[in-house]
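1. Here is my input, please return the structure:
(one chain, ligands or ions: 2)
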Amino acid sequence: MYIIETRKLVKKFGDIVAVNGIDLKVKEGEIFGLLGPNGAGKTTTISILSCMLLPTSGEAYVNGYNVVRQPDQVRKSIGIVFQDPALDDQLTGRENMEIHAMLYNVPKEVAKQRIDEALELVELTDRAKNLVRTYSGGMRRRLEIARGLIHRPKVLFLDEPTLGLDVQTRERIWRYIEVLTKKEKITTILTTHYMDEADRLCDRLAIIDFGKIKAEGTPEELKKQLGGDVITVKTKYADKLAKMVSELDFVKSVKKTSGLVKISLQNGEEHITDVACWARDKGIPIESLTLQEPTLNDVFLYYTGREIREEGPAPPLIMGPMMRRPHR
Ligand SMILES: Nc1ncnc2c1ncn2[C@@H]1O[C@H](COP(=O)(O)OP(=O)(O)OP(=O)(O)O)[C@@H](O)[C@H]1O
Ligand SMILES: [Mg+2]
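-> Residues are numbered from 1 along each chain as shown. Ligands and ions are numbered 1, 2, ... in the order given. Below you'll find the model as predicted:
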């Protein structure tokens with residue numbers, strides 16, 4: 001059974017088809033991402049899944065409940081953090097949490113313990129007594145995420161959880177999402193148009209554009225689909241290396257650009273040492289070797305023919321010799 005499942009989900013606003021036949025299957029315990037540009041239909045999709053909008057057609061199930069026929073059960077199963085801040089900034093951080101607990105009928109004693117725990121997790125214990133209007137954007141976001149968990153939802157929806165936040169705050173929020181997802185054993189669905197966020201955080205993701213899913217898989221699978229890796233070799237003997245290296249049977253193609261040799265191949269991490277040893281045996285001195293893989297940006301471009309508007313910092317492509325960007 002999937003914790004979330006949609007079949008041919010459609011949402012029209014007049015002539016605009018915001019969601020155009022989406023089939024989603026999300027497994028329990030996953031962090032699942034909807035990655036797409038502005039207007040792709042991400043918010044509309046999670047609004048339907050959280051019973052805030054009715055679909056025009058198709059079906060959607062959350063925690064086994066139908067979003068149209070069993071909205072109360074669905075609402076009890078979920079927590080939501082909206083794209084636009086939804087805190088009361090005339091109240092303190094703790095009061096915002098308490099009101100949420102009351103709305104969801106969490107008994108007072110249980111609520112207190114959960115609120116303390118959640119505040120601790122997002123490192124807001126010290127500021128819990130302050131009015132939310134004195135909080136920074138990142139603190140508000142952290143409070144909202146913590147609040148979404150007070151009633152122990154099975155599924156947490158996060159709409160653009162790090163939109164407009166600085167790099168350090170985004171990384172902290174990613175850590176909270178990971179820790180919370182594991183600790184509370186919840187399923188997290190997040191929308192984002194940040195490639196690095198999708199890549200770093202999501203177990204699986206769907207690339208969505210004009211209301212349709214264009215591709216789906218783990219970040220790794222999506223990138224692998226585009227073909228192999230690229231090893232870039234820096235050497236004074238680029239001509240010689242470029243000519244000879246194709247004798248290695250795992251090399252698919254070789255390109256030389258301004259003193260660099262780019263070798264395309266499958267499973268680069270297995271072969272990068274082979275290339276280094278081969279060059280040494282042939283007496284070709286090498287200054288550096290780097291391994292690259294296609295980015296999600298390349299994946300997005302491949303499936304949509306367009307570049308996504310990228311506001312976040314791009315992930316590092318090239319690292320030191322024989323290193324690969326770590327992937328969770
Ligand atoms: N209430 C509404 N009335 C009319 N059109 C709407 C409404 N809500 C969304 N739309 C339209 O539906 C499409 C999808 O919007 P949606 O908000 O789902 O996109 P999104 O992927 O969340 O984008 P963003 O990254 O900007 O948040 C857009 O063309 C939008 O203008
Ligand atoms: Mg949106």
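
2. Look up phi and psi at the residue of the chain positioned farthest from its centre.
-> Relative to the centre of the chain, the most outlying C-alpha is that of residue 283, 44.3 Å out, by Cα atoms, centre = their mean. For residue 283, the backbone dihedrals (degrees, to the nearest 10) come out as phi 70, psi 30.

3. how close does it get to residue 236?
-> 12 Å (Cβ to Cβ, to the nearest Å). Backbone N, C-alpha and C define where each C-beta goes, glycine included.

4. Equivalent analysis for residue 112, please.
-> 68 Å.

5. Which residues of this protein lie near ligand 1?
-> 13, 16, 18, 36, 38-44, 83, 193 (Cβ under 6 Å from any ligand atom).

6. in the protein, which helix has the most residues?
-> helix 167-183 (DSSP state H).

7. Output the helix or strand following that helix as PDB, nothing but the C-alphas.
-> Tracing the chain past helix 167-183, the next element assigned as helix or strand by DSSP states H and E is strand 187-192. What follows is strand 187-192, C-alpha atoms only, in PDB (Å, rounded to 0.1, in the frame of the first residue of the first chain):
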ATOM      1  CA  THR A 187       6.200  10.600   5.200                       C
ATOM      2  CA  THR A 188       7.200  14.100   4.000                       C
ATOM      3  CA  ILE A 189       6.000  15.500   0.700                       C
ATOM      4  CA  LEU A 190       7.700  18.700  -0.200                       C
ATOM      5  CA  THR A 191       7.600  21.000  -3.200                       C
ATOM      6  CA  THR A 192      10.600  22.900  -4.400                       C
END
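
8. Check which helices and strands the very next helix or strand once past strand 187-192 sits against.
-> Note on strand 187-192: by DSSP H and E, the next helix or strand toward the C-terminus is helix 195-201. If you count contacts as 3 or more Cβ pairs under 8 Å, 6 or more residues apart in numbering; DSSP states H and E, helix 195-201 packs onto strand 31-35, helix 167-183, strand 187-192, helix 296-304.

9. so the second one versus strand 187-192, what angle?
-> The reference is to helix 167-183. Here helix 167-183 runs at an angle of 160 degrees relative to strand 187-192 (axes from the mean of the first three to the mean of the last three Cα atoms, to 10 degrees).

10. Can you name the residues in contact with helix 167-183?
-> Under the criterion Cβ atoms under 8 Å, 6 or more residues apart in numbering, residues 29, 31, 121-123, 137-138, 141-142, 145-146, 149, 156, 158, 161-162, 165, 186-188, 190, 194, 197, 200-201, 312-313, 328 lie in contact with helix 167-183.

11. Buried residues of it, list them for me.
-> 169, 170, 172, 173, 174, 176, 177, 180, 181 (16 or more other Cβ atoms under 10 Å).
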